[in-house]
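**Student:** Provide a 3D model corresponding to the input given below.
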Amino acid sequence: MNDPIPEKDKSAAASFERSPKWLRRLQKESWQAELLISGVSLYACLQFPQLIYELANIMLDWLPIEFSFAGYMICYANILAIALLTTFFFYHFALRAYWIGLIGLNSVFPKGYNMEDGMYSVGYKRLWVRLLPKVEDSIRDVDKVASTQFASAFIMLMLYGMCSISLSIIALIYFLLDDYLPSWLWRFILFATVGLYLLSMVLSAIAMNQRFKNNPRVQKWQYYIGMLLSYPMTLFLFKPINQLIFTFTSNAKSGRSMLGVIPFFLLATALSIYHLQASNIGLLVEQGKLGNLASTEETMERRFYLDQYDDKDRIFTPVLESAIFEGDYLKLFIPVLRNERHLCSKFSGTFQSDESNSDREAAKEKRRFYHDCYMSYHEVFVNGLEYKGSIYLHEHRLGQRQGLLAFIPRDLLLKDENLLEVKKLANPEGETYAHFKLPFYCSAPHQ
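**Tutor:** Predicted structure coming up:
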């Protein structure tokens, strides 16, 4: 005997009929809103990486070098999330385009496949009809997939937004309290949080096992831990996001139902790698390797040569005009980033202006102080020999980057292969803060 239908389910149809006309129409024709939102979201996802590129540039310039890896993780997590959203929305857009095409064909050919006449024989047509699904079935199935795909993309969009807010709040709390709390406490909080999420994954796997599936104690623990850990990821959208997620997971027959998202993650990973190559995000990792920023001299990095830059690029490493030098003086520019200000205080202290000086004299005194300060922690080597020539303060045209400019005469160079090294010192004791190796070729002088 069948169980009685709950009153809530009995009244579903009546509730639909009582809803406003515009809402009933929207529910029946939701594909129009889906297509509009999907198109706008896809366009936004294609534009948003530029903001992450700029965020990486700001972090490279301002973020203390010991936090560079954390900055990399923030930027890469954002890029990966945007890439995942892009693949989801693009797939939904393609599905809806295919669905509209099926609708159009069905309106023109309501009978679907024509078996009576045409250019092909009946026997040939029957073979194809056995292979292909009915147009009406395809319309219905694609509509379901597209709607669930849109919901998946929308869940990702909301989770991305809430996680970004949570990470921003955590980063703000960290920077505000870092000077007051010991480092071991921060590590304990980090490891405890990671351990709690790992415990949740293990407990979830145990709770779904047939042995514990009907164990109320295990199910309650899974519920409370899952609810606790979902709050930081959903914030004030806790119920809407979990409602959508639970609708998916409660209708999944097994964990294999979720394997369909793997291709999207693979595509998103490939797209995120492209964004890493097209931006300075990878530099955050290298900047975090104290004293080992540059590659070996066998590698000629694009970022070391100005003729490889575009007008919108920023300078974060020493640069030469080109990998092939042909003139009388080799032009070297060394950028001074804003996160290097603490080095000045170590080597030269803080600038103190003489109140008796005029504004013009004070400005000259300030420039002289910073020139001497920058020179105190920079060392330049040409083919292993330290360069002792003049080095000037300079503001480069790309991004108005402040730094040092040197003109190295050809007499100090070798014919063909040369190596220029730039060291930034971390303290007066000589510890290396960053080390750059710039290989280049010197052509024979013109006769």
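
**Student:** use CA for all of it now, contacts and neighbours both
**Tutor:** Noted.

**Student:** what does the one helix or strand residue 227 maps to rub up against?
**Tutor:** Using DSSP states H and E, residue 227 falls within helix 216-234. With C-alpha atoms under 8 Å, 6 or more residues apart in numbering as the test, helix 216-234 has contacts from 158-159, 162-163, 166, 197, 200, 203-204, 207, 212-213, 238, 241.

**Student:** swap the cut-off to 7 Å and go again
**Tutor:** When contacts are defined by C-alpha atoms under 7 Å, 6 or more residues apart in numbering, helix 216-234 is touched by residues 159, 162, 163, 166, 200, 203, 204, 207, 212, 238, 241.

**Student:** keep only those of those residues that are in helices.
**Tutor:** Residues of those located in helices (DSSP state H): 159, 162, 163, 166, 200, 203, 204, 207, 238, 241.

**Student:** what's the farthest-apart pair in the contacts of helix 216-234?
**Tutor:** 166 and 212 (33.3 Å; C-alpha to C-alpha).

**Student:** of those two, who's got more company?
**Tutor:** Neighbours of residue 166 and residue 212, each counted by other C-alpha atoms under 10 Å, are more numerous for residue 166; the result is 17 against 14.

**Student:** just the CA coordinates for stretch 189-207, please, in CSV.
**Tutor:** What follows is the C-alpha trace of stretch 189-207 in CSV, where atoms were taken according to Å, rounded to 0.1, in the frame of the first residue of the first chain:
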residue,chain,number,x,y,z
ILE,A,189,44.5,28.2,14.4
LEU,A,190,45.6,27.4,10.8
PHE,A,191,46.3,23.7,11.5
ALA,A,192,43.2,23.4,13.6
THR,A,193,41.0,24.8,10.9
VAL,A,194,42.6,22.6,8.2
GLY,A,195,42.3,19.6,10.5
LEU,A,196,38.6,20.3,11.2
TYR,A,197,37.9,20.4,7.4
LEU,A,198,39.8,17.1,6.9
LEU,A,199,37.9,15.6,9.8
SER,A,200,34.6,16.7,8.2
MET,A,201,35.6,14.9,4.9
VAL,A,202,36.5,11.7,6.8
LEU,A,203,33.4,11.8,8.9
SER,A,204,31.3,12.4,5.8
ALA,A,205,32.8,9.4,4.1
ILE,A,206,32.1,7.3,7.2
ALA,A,207,28.5,8.6,7.6
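
**Student:** coming back round to it: now the helix holding residue 227: buried residues?
**Tutor:** Neighbour-count burial for helix 216-234 flags 218, 219, 222, 225, 226, 231, 233, 234 (criterion: 16 or more other C-alpha atoms under 10 Å).

**Student:** I'd guessed residue 320 sits against residue 304; true?
**Tutor:** Yes - Residue 320 is within contact range of residue 304, at 6.2 Å (criterion: C-alpha atoms under 7 Å).

**Student:** starting at the chain centroid, how far to stretch 398-408?
**Tutor:** In terms of C-alpha atoms, centre = their mean, to the nearest Å, the gap separating the centre of stretch 398-408 from the centre of its chain is 29 Å.

**Student:** measure the residue nearest the centre of the chain to residue 85 for me?
**Tutor:** What sits nearest the mean C-alpha location of the chain, by C-alpha atoms, centre = their mean, is residue 79, with 2.0 Å. Counting by C-alpha to C-alpha, to the nearest Å, the separation of residue 79 from residue 85 is 10 Å.

**Student:** so, low pLDDT: which residues of the stretch 1-150 of the chain?
**Tutor:** In the predicted model, the stretch 1-150 of the chain carries pLDDT under 70 at residues 1-31, 33.

**Student:** am I right that residue 52 sits in a helix?
**Tutor:** Yes - under DSSP: H, G, I helix; E, B strand; the rest coil, residue 52 falls within a helix.

**Student:** how near is residue 267 to residue 88?
**Tutor:** From residue 267 over to residue 88 (counting by C-alpha to C-alpha), the distance is 10 Å.

**Student:** those two - which one has more neighbours?
**Tutor:** Ranked by neighbour count (other C-alpha under 10 Å), residue 267 and residue 88 place residue 88 first, with 25 against 16.

**Student:** host element of residue 334?
**Tutor:** With secondary structure defined by DSSP H and E, residue 334 is part of strand 329-335.

**Student:** hmm, I was thinking of residue 85
**Tutor:** Secondary structure from DSSP H and E places residue 85 in helix 68-108.

**Student:** which helices and strands sit right next to the next helix or strand after that helix?
**Tutor:** Using DSSP H and E, the helix or strand that directly follows helix 68-108 along the chain is helix 122-131. Of the remaining helices and strands, none touches helix 122-131 by 3 or more C-alpha pairs under 7 Å, 6 or more residues apart in numbering; DSSP states H and E.

**Student:** gap between helix 122-131 and the chain center?
**Tutor:** Per C-alpha atoms, centre = their mean, the centroid offset for helix 122-131 relative to its chain is 49 Å.

**Student:** can you tell me which of the ones in helices among the contacts of helix 216-234 is closest to residue 262?
**Tutor:** Closest approach to residue 262 among the ones in helices among the contacts of helix 216-234 (C-alpha to C-alpha): residue 159, at 18.0 Å.

**Student:** can you pull the contacts of the closest one?
**Tutor:** Residue 159 makes contact with 233, 234, according to C-alpha under 7 Å, 6+ apart.

**Student:** residue 320 and residue 304: which is more packed in?
**Tutor:** Here residue 320 and residue 304 are set side by side on neighbour count (other C-alpha under 10 Å), and the busier one is residue 304, at 26 against 22.
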